[in-house]
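A.B. asks: Here is a sequence with its predicted model. Questions after.
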Amino acid sequence: MDRKHILDLVADMSLEEKAMQMTQLSPDLLYQLTPTNLTGPLRVWKFSDEALWKTGSVLGPLGAAFLKKLQKDYLAKSRQQIPLLFMTDVIHGYVTIMPIPLAQGCTFDPDLTEEAAAAVAREAAASGLHVTFSPMADLVRDPRWGRVMESSGEDPYLNGQIAAATIRGYQGKDPREKGRIASCVKHFAAYGQPEGGREYNTVDMSRGVLRDFYLPAYREAIEAGAAMVMSSFNTVERVPATCSRFLLRRVLREEWGFEGVVISDYSAVEELMNHSVACDDMEAGEKCVHAGLDIEMMSGVYAGTLQQLLDQGRITREEINECVTRILELKNRMGLFENPFKDADEEEEERLLYCPEHLELARRFARESMVLLKNQGVLPVSRGRIGLAGPFSDTGNILGGWHCEGKPDRTQTLLQALKAQWGEGLETAMTEHFIHGEADVPDRVEEAVERLRDCDICIAAVGEPEWDTGEATSRTNLRLTPNQEKLIHALHGAGKKVVAVLFSGRPLDIAPVLQDCDAVLQAWFPGSAGAAAAVDLLLGKYNPSGHLSMSFPRNTGQIPVYYNHYETGRPETEKENHYTSRYLDCANSPLFPFGYGLSYTTFTCGEMKVSEDLGKVSVRVRNTGERSGETVVQMYIRDVSASVVRPVMELKAFRRISLEPGEEAQVEFSVTKEMLSFYNEEEKWVWEPGAFDLMVGLDSEHVERERIFIPAGTGEQEAL
Ligand code: BGC
């Protein structure tokens, strides 16, 4: 359909029809069923039956047969034959579940991320879905916030790379193609920084911080072609993002040229009244229309107010038409006018969902995403008798929050995977999983120590319940539960070699048990094939290669702790100086830094070389151990002196490389003017020549560093 047809359709619409295109509801409401799968406070809205069936898109519908029926029923009632859009949260898998996004970040592997997102899209598309509310490009620094699991971590560049790869995977070259879905990047903006890590809490930061850290990944997502953007629940500079003209008009549309659809988060439009920026529905609707918010998700403000607002001259017809046109253009971009069912196909569903190819991909992805945090010569396990204990020993609840149609009951457990790959030399104890509502697992520690007495190595499969991560799961205590800590201490106390396999959606506070663990494998919530992947690593069939996308704190009081912070005037340098920026009872550095991850082999970085024209930095990386393995070479910069403070280091490039024992590789990175530029006080993207530190290393704490000087005037040239 061409643009003229779309404009004709818009011109022919009644105001009610337009308002309903701009409203997203759950299909349960259309069929007047009990709402399921919904995330917000449930309220009763007064839509007439007739109006309900004019909604332009629906949230949370699933399954080809149901979606075909819904589209058919809808079109049978539709005057203009404008098809419905189906959207839902396919965050890290539809039925085959990939590792959680925070773990995906640890792969530092955009290609594999893209491949996995393409598989996820194939499943979702076959089930009839058109749009997924993913990726979440929110930068995160506070593991008290349960939604860190949905982010790819604390670095703007890595987040941008992972978000863009995810979008390419979902949308391909054109989301209308078979097996593709459209991507809605969220939550715009800065949702990842709620005060105190408390869900939905106020966000407040300077423009500089917003531009340095929080905005870049969304921008990368827009550049990768994301079809939609979801505004966030939080405020930014005292204005809720839902009605922020600064964010939705100036940054998104004017600066970044975004032409797609913006949707609110769940019932966020009516929540403007709670935020106290609107005294009633009318004011809430007016503000959102002015901000260019195209779709209101799950509340009835637009439907109830647009006519009156127009009559009173508080909004214009043009503003409404702009929104509706963008929505119809998205439907057109998805090819729905020609084929309203898109890829919905029960046979394809049967063939694709949870198919062996997707499970194999999920296993590969999970393997790359797990991070070996500690290993004192115990891993990989090659012989002897293995003991397995802890709440994650024998559960399929390892998919992680937002696992869509994932199947915990069909998910292989660690015990099953160990039996399949290791065989019989295995003893188990204290394997009860968490129960919803119970604070801890039962204390069977004594019995466990007794039962595992003859084991050479004890795997403690510990962590946090998956339902304690995701939306509305903020916590102030990030330690393992008392009985899990007790189990680790007791096994260690009994002289066992303890290998902790940690299942979590966030960096936990593991310092209290670290001493008593001989090895720690951070498995995250690894998805449908996560148990097999963990066993691949534990037994050395695959060499760990994940690197942290988020720093681990030394304790909860140290949060937020992240690598790319600004420096103070009194950096923590000399211990004896009392008046430096530090804690009395804890170091400033994290327990494990961003970019960190061990392997069963060792890698060294040789001396770093900067090319004469300053445009290239290179380093020789050598596998100095006895196994082949992969590592992530990371390039950071620091602007040593600028008109505003700059982070102590910023990741600007990375490369995942694979080396055989004894093999060396020359890894070269370009240094571009773009990498050295930033937003100045006037919010201008500027380039200020001078001194810069270039750094290369295998994590953010251990780097080779060289200072370069770029004379004034160099900025005019293309290369440095
Ligand atoms: C979440 C969004 C999600 C939406 C729809 C909200 O509560 O914040 O991330 O996309 O619900 O399920």
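C.D. replies: Yep, it's here. Numbering: from 1, shown residues only.
A.B. asks: Which single residue in the stretch 201-350 of the chain comes nearest to the ligand?
C.D. replies: Here the residue of the stretch 201-350 of the chain nearest the ligand is residue 266; by Cβ to the nearest ligand atom that distance is 3.8 Å. Backbone N, C-alpha and C define where each C-beta goes, glycine included.
A.B. asks: I'd like to know how many residues surround that residue.
C.D. replies: Using other Cβ atoms under 10 Å, residue 266 has 20 other residues around it.
A.B. asks: How about the contacts made by the most centrally placed residue in the chain?
C.D. replies: What sits nearest the mean C-alpha location of the chain, by Cα atoms, centre = their mean, is residue 151, with 2.2 Å. Shown in contact with residue 151 (Cβ atoms under 8 Å, 6 or more residues apart in numbering): 101, 102, 105, 136, 137, 138, 139, 140, 159, 192.
A.B. asks: Apart from its neighbours in sequence, what residue is nearest the last one?
C.D. replies: Right, residue 192. residue 138 (3.5 Å; Cβ to Cβ, 6 or more residues apart in numbering).
A.B. asks: correct me, but the one you found touches residue 194?
C.D. replies: No: Residue 138 is beyond contact range of residue 194, at 10.1 Å (criterion: Cβ atoms under 8 Å).
A.B. asks: Which of the two has more residues huddled nearby?
C.D. replies: The neighbour comparison of residue 138 against residue 194 (other Cβ under 10 Å) goes to residue 138, with 27 against 23.
A.B. asks: ok so that one is a helix residue?
C.D. replies: No: remark: residue 138 does not belong to a helix; assigned using DSSP: H, G, I helix; E, B strand; the rest coil, it is coil.
A.B. asks: Residue 79: which element?
C.D. replies: Assessed by DSSP states H and E, residue 79 sits outside every helix and strand.
A.B. asks: State the distance from it to residue 321.
C.D. replies: Using Cβ to Cβ, to the nearest Å, residue 79 is found at 18 Å from residue 321.
A.B. asks: Check residue 240 too.
C.D. replies: Residue 240 is 24 Å from residue 321, by Cβ to Cβ.
A.B. asks: Looking at these two, which one has more neighbours?
C.D. replies: residue 240 (30 against 15).
A.B. asks: Show me the beta-bridge partners of that one.
C.D. replies: residue 235 (DSSP bridges).
A.B. asks: Would you confirm that it contacts residue 234?
C.D. replies: Yes: contact between residue 240 and residue 234 holds when scored by Cβ under 8 Å: they sit 7.1 Å apart.
A.B. asks: overlap in contacts of those two?
C.D. replies: What both residue 240 and residue 234 touch, as defined by Cβ under 8 Å, 6+ apart, is an empty set.
A.B. asks: if we can go back for a sec, nearest to residue 469, of the contacts of residue 151?
C.D. replies: residue 102 (9.2 Å; Cβ to Cβ).
A.B. asks: how much space is there between that closest one and the ligand?
C.D. replies: 15 Å (Cβ to the nearest ligand atom, to the nearest Å).
A.B. asks: Enumerate every residue touching that residue.
C.D. replies: Residue 102 neighbours (Cβ under 8 Å, 6+ apart): 140, 148, 149, 150, 151, 152, 153, 505, 506, 524, 549, 550.
A.B. asks: What count of nearby residues applies to the first one?
C.D. replies: Going back to what we said before, that points to residue 140. Neighbouring residues of residue 140 were enumerated by other Cβ under 10 Å; the total is 29.
A.B. asks: Distance to the ligand added to the contacts of residue 102, as TSV?
C.D. replies: Shown next, in TSV, are the contacts of residue 102 (distance: Cβ to the nearest ligand atom, whole Å):
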residue	distance to the ligand
140	14
148	13
149	12
150	8
151	11
152	15
153	17
505	15
506	17
524	19
549	19
550	19
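A.B. asks: Look at the residue of the stretch 301-450 of the chain found nearest the ligand and report its pLDDT.
C.D. replies: Going by Cβ to the nearest ligand atom, the ligand is nearest to residue 402 of the stretch 301-450 of the chain, at 8.3 Å. The model reports residue 402 with a pLDDT of 93.
A.B. asks: residue ranges for the helices of the stretch 351-500 of the chain, please.
C.D. replies: Taking DSSP state H, counting those that start in this stretch as the test, the helices found in the stretch 351-500 of the chain are 356-369, 414-422, 445-451, 482-493.
A.B. asks: Repeat that for the stretch 51-200 of the chain.
C.D. replies: Counting by DSSP H, counting those that start in this stretch, the helices of the stretch 51-200 of the chain are 64-77, 101-106, 110-126, 156-171.
A.B. asks: Please identify the most buried of those.
C.D. replies: helix 101-106 (a mean of 31; mean count of other Cβ atoms under 10 Å).
A.B. asks: Residue 475 contacts residue 144, correct?
C.D. replies: Yes: taking Cβ under 8 Å as the definition, residue 475 is a contact partner of residue 144 at 5.8 Å.
A.B. asks: domains of the protein?
C.D. replies: As given by automatic domain parsing, the domain ranges for the chain are 3-348, 371-545, 603-710.
A.B. asks: now the longest one, how far from the centre of its chain.
C.D. replies: Spelled out, that is domain 3-348. The chain centre lies 16 Å from the centre of domain 3-348; the measure is Cα atoms, centre = their mean, to the nearest Å.
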